[in-house]
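>>> following is a predicted model, sequence given first.
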Amino acid sequence: MDSSNDRFARYLGAAFLMVFATSLASALLSGSALSGDISDVLARVSDNLALVRAGNVFQLLTSIGIIALAALLYTVLRDENPALALIGFGWWLAEGIMLAASALGTYGLLTVSVASTGAATSAPFGEALGRLFLGIEQNAFTIHMLFFCLGGLIWYGLMLQSRLVPKWMAMWGLVGVAMLLASMLVMAWDRGLDLGYFGIAAMVVYAPFEPVIGSWLLVRGAGYHATEPGQLTARPI
């Protein structure tokens, strides 16, 4: 009993799962190498070139997935509130671009880490360049998370309004992304501040959300019947 909107909702679910999988792979492959003192970062990157390169490829795939996800969300939810849906699309488009910028910072670190092992590059000069590229990677990533949270508030609010997913699921997304937004605002103000248990709680609350909503949409489809994407009529969920 698939409708056009059911198919788009399943594509949406697949996109959620793709973004979750690629971002998780990127974090597992290269995340630990990109934290700490710049001399340690350059040493770890140099020792794990293949892993960091692979992690950066997954990060770029995540950037592409985010833009595709935003386009699908706009297609499915635009009739609920066209202006808000367009703003949400804009926030997540900016998110994808900033995540790609973060990946460029990592590519710079890869280049510096390799060059700094040669005799022609002095350690102070290599570390100065490393700090520049590490700053690009970290700050672009923080900004991408801010854009993600702002867009998430819009998308999950529209999901709650449209009943695309059950209310409890949309509320879960809203609460989780609001907690992440508070954490990211603190980090944008001062990266040195310790978020403590609140930062951990924000990640614990939101982290399972994307695989859950992605799996739900992929299996269940839309919470509505529709003849065309964006034209929804109520169906029990």
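Perfect, thanks for sending it.
>>> measure Arg163 to Met169 for me?
Distance of Arg163 to Met169, computed by Cβ to Cβ, to the nearest Å: 10 Å. No exception for glycine: its C-beta is placed from N, CA and C like everyone else's.
>>> whoops, Leu77 was the one
From Leu77 over to Met169 (counting by Cβ to Cβ), the distance is 14 Å.
>>> compare these two (neighbour count), which wins?
The neighbour comparison of Leu77 against Met169 (other Cβ atoms under 10 Å) goes to Leu77, with 26 against 20.
>>> now do the phi/psi pair for the more buried one.
Leu77 adopts backbone torsions of phi -110, psi 0, taken as degrees, to the nearest 10.
>>> wait, isn't it in contact with Gly157?
No: between Leu77 and Gly157 there is no contact under Cβ atoms under 8 Å: 9.7 Å.
>>> report the buried residues of the helix or strand hosting Gly108.
Gly108 is part of helix 82-115, with elements assigned from DSSP states H and E. Neighbour counts using 16 or more other Cβ atoms under 10 Å place 84-85, 88-103, 105-110, 112-113 of helix 82-115 among the buried residues.
>>> helices or strands up against it?
Under the contact criterion of 3 or more Cβ pairs under 8 Å, 6 or more residues apart in numbering; DSSP states H and E, helix 82-115 touches helix 38-47, helix 49-77, helix 123-162.
>>> not counting stretch 13-31 itself, show me its contacts.
48, 51-52, 54-56, 58-59, 61-62, 65-66, 68-69, 72, 106, 210-211, 213-219 (Cβ atoms under 8 Å, 6 or more residues apart in numbering).
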